[in-house]
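A.B. asks: Would you be able to build a 3D model of this:
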Amino acid sequence: MANPEELRKRDRQLPKNKRRYPQSRVTQVLVLLIVVVIVAWLVSLL
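C.D. replies: Numbers count the residues shown, from 1 in each chain. Here you go, the predicted model:
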């Protein structure tokens, strides 16, 4: 089991889009939900 510091160093060598975090999928879904809510709110204002 690699320690977090090792993983972080290895992460820094990778380009940003290659980095893999377990919460990235959750973050994507949350951002998507926020965008949908904002768009729906803007549409309701029109």
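A.B. asks: the strands in this protein, which residues?
C.D. replies: Per DSSP state E, the chain carries no strands over any range.
A.B. asks: Could you list the low-pLDDT ranges of it?
C.D. replies: Scanning the chain with the threshold set as pLDDT under 70 gives 1-2, 7, 11, 13-23.
A.B. asks: and the longest helix belonging to the chain, C-alpha only, in CSV?
C.D. replies: Determined from DSSP state H, the single longest helix within the chain is helix 24-45. Extracted in CSV, the C-alpha atoms of helix 24-45 (Å, rounded to 0.1, in the frame of the first residue of the first chain):
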residue,chain,number,x,y,z
SER,A,24,-14.3,13.1,-9.5
ARG,A,25,-17.5,11.3,-10.8
VAL,A,26,-19.5,12.7,-7.9
THR,A,27,-18.1,16.2,-8.5
GLN,A,28,-19.1,15.9,-12.2
VAL,A,29,-22.6,14.9,-11.3
LEU,A,30,-22.9,17.8,-8.7
VAL,A,31,-21.7,20.3,-11.2
LEU,A,32,-24.1,19.0,-13.8
LEU,A,33,-27.0,19.2,-11.3
ILE,A,34,-26.0,22.8,-10.4
VAL,A,35,-25.8,23.8,-14.1
VAL,A,36,-29.2,22.2,-14.8
VAL,A,37,-30.8,24.1,-11.8
ILE,A,38,-29.3,27.4,-13.0
VAL,A,39,-30.5,26.9,-16.5
ALA,A,40,-34.0,25.9,-15.3
TRP,A,41,-34.1,29.0,-13.1
LEU,A,42,-33.0,31.3,-16.0
VAL,A,43,-35.6,29.7,-18.3
SER,A,44,-38.3,30.3,-15.6
LEU,A,45,-37.3,34.0,-15.5
